[in-house]
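Asker: Just the structure for this:
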Amino acid sequence: MLVKVYGSAVFGVEATTITVEVNIASGIGYHLVGLPDNAVKESSYRIAAALQNNNYKLPGKKIIINMAPADLRKEGSAYDLTFALGILSASKQIKAEDISSYIIMGELSLDGSLQPIKGALPIAIQARKEGFKGFILPVQNAREAAIVSGLEVYGVENITQVIDFFDKGKPLERTEINTRETFYNNLNEIEHDFADVKGQESIKRCMEIAAAGGHNIILIGPPGAGKNMLAKRLPTILPPMTLQEALETTKIHSVAGRIKDNIGLMSQRPFRSPHHTISDVALVGGGAYPQPGEISLSHNGVLFLDELPEFKRGVLEVMRQPLEDREVTISRAKFTVTYPSSFMLVASMNPSPGGYFNDPGAPVTSSASEMNRYLSKISGPLLDRIDIHIEVTPVPFEKLSEERRGESSVKIRERVIRARDLQSQRFKELTHIHYNAQMGPRQIREFCVLDDVSKTLLKTAMERLSLSARAYDRILKVARSIADLQGSELIRPDHISEAIQYRSLDREGWLA
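Answerer: Residues are numbered from 1 along each chain as shown. Prediction:
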């Protein structure tokens, strides 16, 4: 007897419906075709044990399972439940007249319980698009899939529940969540707050400017100056995610299997902080079966690279193209996968191998040549993509011992949102530009017009401070963000002078 059951395969952040055809006829053998990988091929052992331990059996006949489209590579263990239900239905051990109306996915344990799967959200989106009635999957992924309205989502704990649902009409508990209500209720939860940071007012100001214009930023300072603490609080002053951004972000984390149990839609911007020993594939994504890397997991959030010069140079260089294009494309012989990667880069570093500036009173001193050699580990093209360079100095005891709390992230975020609203209006006719950091030469000429005083100030600064040519556009972009924070349509000389301060690494002899 031939039975068709439906599963799904995820490529990139999109899903493709897989038709699983199960045919049982006279003879003997278990034949699985349709380009399955080893994890799919090994399903027969898990299925046999799970059925036996739940008073069913793998029929002693010729079983042929075809996964269509047959030229598409299938991977993972999430098809166990799909195969098991198809085999039981085709061998007439159960009645399952309505089985073709559902997408069924889940990895089986030997006792019949279900393990979570990856990519539940894109699978649910595709199932609704193709008109399926419902989606049956492990209970751990149910809230993630239930984000999709108009689709019945049933989270199950074991195979017996699914069998009873089809064979005996025993109802399953449907998982339903109010996506918008859940999203907006959790939107303003703040774990880290800028109010906890003592002192560092100039650095907070710099972080606010970076958030307002979406600028990449690098923090340079000795150990214990507060670089990590400041970086972790940057997502709390970025504008709250829109519902569309939340869906995009959740899809990527779903594909990577990074959604926590019983968490539906992600409402907080991601903050990723990979260790400096990370490989280039882990950073940008890839592998034999491409998976999203850290830069894609940071989409719509912040990627924090602590101790930037300690990262392998080749690892840092692969970020150059994603930083410009806001997406990363991974090519293989038979297919190409594109993952979005629109993130803010926040990097931190010590000014020297010893960790301190060229100060005779520092615990560990380094010569100017050692410090320059250390800084040269970061390439010019990468620095060219970082708009703001800021020196972070240790906080004095008087500031640390103050009882007064600093300005909260909520208040800073309000100013950032107002600045972003101005930019949204400014770039409303441009589909690929949403904030100042994304401006190209044409937009800089149009929206960063300087008066004579500002031009003279910028010219003098570039000559006296030996600023590089690449600093010119960056200064104008940052000045535009400073002006937006003040609600000014024009870029004034004080905006230019403040922006000039944020190009430390472009100044020759800044370490002397």
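
Asker: Quick one: mean pLDDT for the lengthiest strand in the chain?
Answerer: Secondary structure assigned by DSSP state E gives strand 14-25 as the longest strand of the chain. For strand 14-25, the mean per-residue pLDDT is 95.

Asker: again, but for stretch 337-356
Answerer: Rounded mean pLDDT across stretch 337-356 is 88.

Asker: start to end distance for that stretch?
Answerer: End-to-end distance for stretch 337-356: 43 Å, by Cα to Cα, to the nearest Å.

Asker: What residues sit buried inside that stretch?
Answerer: Residues of stretch 337-356 classed as buried: 337-352, 354-356 (neighbour count, 16 or more other Cβ atoms under 10 Å). C-beta coordinates here come from the backbone N, C-alpha and C atoms, glycine included.

Asker: Just those residues: which are in strands?
Answerer: Short answer: those in strands (DSSP E) are Val337, Thr338, Tyr339, Pro340, Met344, Leu345, Val346, Ala347, Ser348, Met349.

Asker: Format those as a markdown table; extra columns: distance to Ala479.
Answerer: Formatted as a markdown table, those follow (distance: Cβ to Cβ, whole Å):
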| residue | distance to Ala479 |
| --- | --- |
| Val337 | 38 |
| Thr338 | 34 |
| Tyr339 | 33 |
| Pro340 | 29 |
| Met344 | 19 |
| Leu345 | 20 |
| Val346 | 20 |
| Ala347 | 22 |
| Ser348 | 24 |
| Met349 | 25 |
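
Asker: so which of those residues comes closest to Gly169?
Answerer: Of all those, Gly169 sits closest to Val337, with 41.2 Å by Cβ to Cβ.

Asker: That closest one: what's it in contact with?
Answerer: For Val337, the contact set (Cβ atoms under 8 Å, 6 or more residues apart in numbering) comprises Phe11, Gly12, Pro290, Thr329, Ile330.

Asker: What residues sit buried inside stretch 459-471?
Answerer: Ala461, Met462, Leu465, Leu467, Ser468, Ala471.

Asker: Identify the farthest-apart pair in those residues.
Answerer: Largest pairwise distance in the buried residues of stretch 459-471, by Cβ to Cβ, is 12.0 Å, between Ala461 and Ser468.

Asker: how close does Thr431 sit to Thr16?
Answerer: Distance of Thr431 to Thr16, computed by Cβ to Cβ, to the nearest Å: 27 Å.

Asker: of these two, who's got more company?
Answerer: Of the pair Thr431 and Thr16, Thr16 is the one with more neighbours under other Cβ atoms under 10 Å, namely 14 against 7.

Asker: Now do the more buried one against Asp71, distance only.
Answerer: From Thr16 across to Asp71, the span is 12 Å (Cβ to Cβ).

Asker: for Leu58, same thing?
Answerer: 28 Å.

Asker: Over to Thr182?
Answerer: For Thr182 relative to Asp71 (Cβ to Cβ), the value is 39 Å.

Asker: Look at these two and report which has more neighbours.
Answerer: Thr182 (17 against 8).

Asker: Please list all residues in contact with that one.
Answerer: For Thr182, counting by Cβ under 8 Å, 6+ apart, the contacting residues are Gly264, Leu265, Ser267.

Asker: Number of residues surrounding the first one?
Answerer: A count of neighbours around Gly264, defined by other Cβ under 10 Å, yields 22.

Asker: Residues in a beta bridge with Glu327, which ones?
Answerer: Pro340 (DSSP bridges).

Asker: what number of residues lie near it?
Answerer: 15.

Asker: ok, now Glu208?
Answerer: 22.

Asker: Tell me how far the residue at minimal distance from the centre of the chain lies from Met344.
Answerer: What sits nearest the mean C-alpha location of the chain, by Cα atoms, centre = their mean, is Leu297, with 2.2 Å. According to Cβ to Cβ, Leu297 stands 14 Å off from Met344.

Asker: I'd like to know which elements the host helix or strand of Phe83 is packed against.
Answerer: According to DSSP states H and E, Phe83 maps onto helix 80-90. Other helices and strands packing on helix 80-90, by 3 or more Cβ pairs under 8 Å, 6 or more residues apart in numbering; DSSP states H and E, are strand 2-11, strand 14-25, helix 43-52, strand 62-68, strand 102-104, strand 107-108, helix 159-167.

Asker: Including distance to Gly221, could the ones you listed go into CSV?
Answerer: Below are the helices and strands packed on helix 80-90 laid out as CSV (distance: least, Cβ to Cβ, whole Å):
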stretch, distance to Gly221
strand 2-11, 42
strand 14-25, 43
helix 43-52, 53
strand 62-68, 55
strand 102-104, 52
strand 107-108, 47
helix 159-167, 56
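
Asker: Check those for me and report the most buried one.
Answerer: strand 102-104 (a mean of 26; mean count of other Cβ atoms under 10 Å).

Asker: what does that strand contact?
Answerer: Contacting residues not belonging to strand 102-104 are listed as 5-8, 17, 81-82, 85, 123-124, 127, 132-137, 162 [Cβ under 8 Å, 6+ apart].

Asker: measure the nearest residue to Ile117 once chain neighbours are set aside to Lys129 for me?
Answerer: Excluding the flanking residues, the one nearest Ile117 by Cβ to Cβ, 6 or more residues apart in numbering is Ala78, at 4.1 Å. Distance, Ala78 to Lys129, by Cβ to Cβ: 19 Å.

Asker: Compare the two (neighbour count), which wins?
Answerer: Neighbour count, other Cβ under 10 Å: between Ala78 and Lys129, Ala78 has more, with 31 against 13.

Asker: just checking, that one touches Lys118?
Answerer: Yes - between Ala78 and Lys118 there is a contact at 7.2 Å, judged by Cβ atoms under 8 Å.

Asker: on that earlier part again, once you drop chain neighbours, what's closest to the residue nearest to the centre of the chain?
Answerer: Nearest one to Leu297, counting by Cβ to Cβ, 6+ apart, is Arg272 at 5.3 Å.

Asker: Same check on Pro240?
Answerer: Leu187 (4.9 Å).

Asker: Enumerate every residue touching that neighbour.
Answerer: Taking Cβ under 8 Å, 6+ apart as the definition, contacts of Leu187 comprise Pro240, Met241, Ser267.

Asker: Filter those residues down to the buried ones, ChimeraX style.
Answerer: Typed into ChimeraX, the line below selects the buried ones among the contacts of Leu187, using 16+ other Cβ under 10 Å:
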select :241,267
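
Asker: Tell me which of the contacts of Leu187 fall in strands.
Answerer: Short answer: those have none in strands (DSSP E).

Asker: Would you reformat the contacts of Leu187 as a markdown table and include pLDDT?
Answerer: What follows is those, written out as a markdown table (pLDDT from 0 to 100):
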| residue | pLDDT |
| --- | --- |
| Pro240 | 91 |
| Met241 | 90 |
| Ser267 | 86 |
